[in-house]
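Engineer: Take this sequence and fold it.
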Amino acid sequence: MHTQKRRLFMIPAALIVVALAVFLTGQSAFMGPLYQQGESASFRYTIQGQRNGSLYVNISVNFDDPDSLQKYMEANRQRGRTLVNKGQSPIPIRVTFVRPLHLSEAREFIRETGLHVSSFAMVGRSSLNGRKGFHVELSSVDKEMPAALNVDPTGQGERLVLRGVMVLYGEIQNPQGLARLLADERVYLADTSEVEVRELLAQRHASVVAGKELVVSVPSPFWKLDW
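Structural biologist: Reported below is the predicted structural model:
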């Protein structure tokens with residue numbers, strides 16, 4: 001599904017798995033056989049080939065398990081501090097907020113931290129039954145968004161009433177920006193796992209990844225939060 005907008009309503013019990021499957025539909029249509037898989041101290045990863053010659057790397061974490069979630073959160077906190085101290089940049093990052101941010105607040109956050117955003121996820125509730133849903137925009141947050149989006153899978157006029165920006169996907173340009181981001185109380189998780197998985201692939205699967213473009217998918221525990 002290569003579109004500029006993606007919307008989703010789901011039954012909570014099956015939500016995380018279904019959301020991931022739908023969001024990655026566009027990727028899976030172009031994947032080849034599984035090349036490799038492995039794990040770090042806090043996540044698992046798989047590597048699959050794509051028809052265009054690049055490699056799709058998927059990081060997975062069992063966010064339903066409190067111990068796994070805590071281990072993943074702590075690994076990211078430690079890695080973030082290390083990256084700041086090393087002065088490394090640019091840094092691929094996925095930012096999950098504690099609560100949904102209004103677009104204007106998200107824009108101010110981006111300005112303060114120097115984050116370059118490639119896509120973002122907004123969360124909301126069904127106008128019919130109050131169930132959680134989310135909407136992904138493959139763009140920056142500079143565009144305006146309506147207060148609600150038509151989703152209407154049942155023909156009953158269902159709308160996704162948006163509550164704000166919950167996840168930002170992008171790249172931090174300097175260590176100072178990352179330090180400000182890590183200290184911001186609005187940030188639930190500043191995920192830099194892509195940095196680690198790229199290092200692991202270079203060490204463990206050098207012959208597989210050599211000369212290949214890597215497309216890395218990093219999860220967010222935003223669904224577990226109260227919004």
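
Engineer: Okay, residue 200 and residue 93: tell me how far apart.
Structural biologist: Separation of residue 200 from residue 93 (C-beta to C-beta, to the nearest Å): 17 Å. Any C-beta I mention is one placed from the backbone N, CA and C, and that applies to glycine too.

Engineer: can you check residue 217 too?
Structural biologist: Counting by C-beta to C-beta, the gap from residue 217 to residue 93 is 14 Å.

Engineer: Would you mind telling me which of the two has more residues around it?
Structural biologist: Higher neighbour count among residue 217 and residue 93: residue 93, with 27 against 19, using other C-beta atoms under 10 Å.

Engineer: element containing that one?
Structural biologist: According to DSSP states H and E, residue 93 maps onto strand 91-101.

Engineer: Name the next helix or strand downstream of that strand, please.
Structural biologist: Using DSSP H and E, the next helix or strand after strand 91-101 towards the C-terminus is helix 103-113.

Engineer: Residue 177 looks like it's in a strand, true?
Structural biologist: No: read with DSSP: H, G, I helix; E, B strand; the rest coil, residue 177 is helix and lies in no strand.

Engineer: List the contacts of whichever helix in the chain runs longest.
Structural biologist: In the chain, taking DSSP state H as the definition, the longest helix is helix 66-86. Residues outside helix 66-86 that contact it (C-beta atoms under 8 Å, 6 or more residues apart in numbering): 40-43, 61-63, 91, 175, 178-179, 182, 189-193, 195-196, 221, 224.

Engineer: Repeat that for stretch 106-120.
Structural biologist: For stretch 106-120, contacts defined as C-beta under 8 Å, 6+ apart pick out 90, 93, 95, 101, 136-142, 164-165, 167-174, 176-178, 180-181, 184, 186.

Engineer: State the distance from residue 88 to residue 80.
Structural biologist: Residue 88 is 11 Å from residue 80, where distance means C-beta to C-beta.

Engineer: Pretty sure residue 152 sits against residue 127.
Structural biologist: No: Residue 152 lies out of contact with residue 127 (C-beta atoms under 8 Å); the separation is 9.8 Å.

Engineer: where's the closest residue to residue 137 other than its chain neighbours, which helix or strand?
Structural biologist: In space, and not counting its chain neighbours, residue 137 is closest to residue 120: 5.7 Å by C-beta to C-beta, 6 or more residues apart in numbering. Using DSSP H and E, residue 120 sits within strand 115-126.
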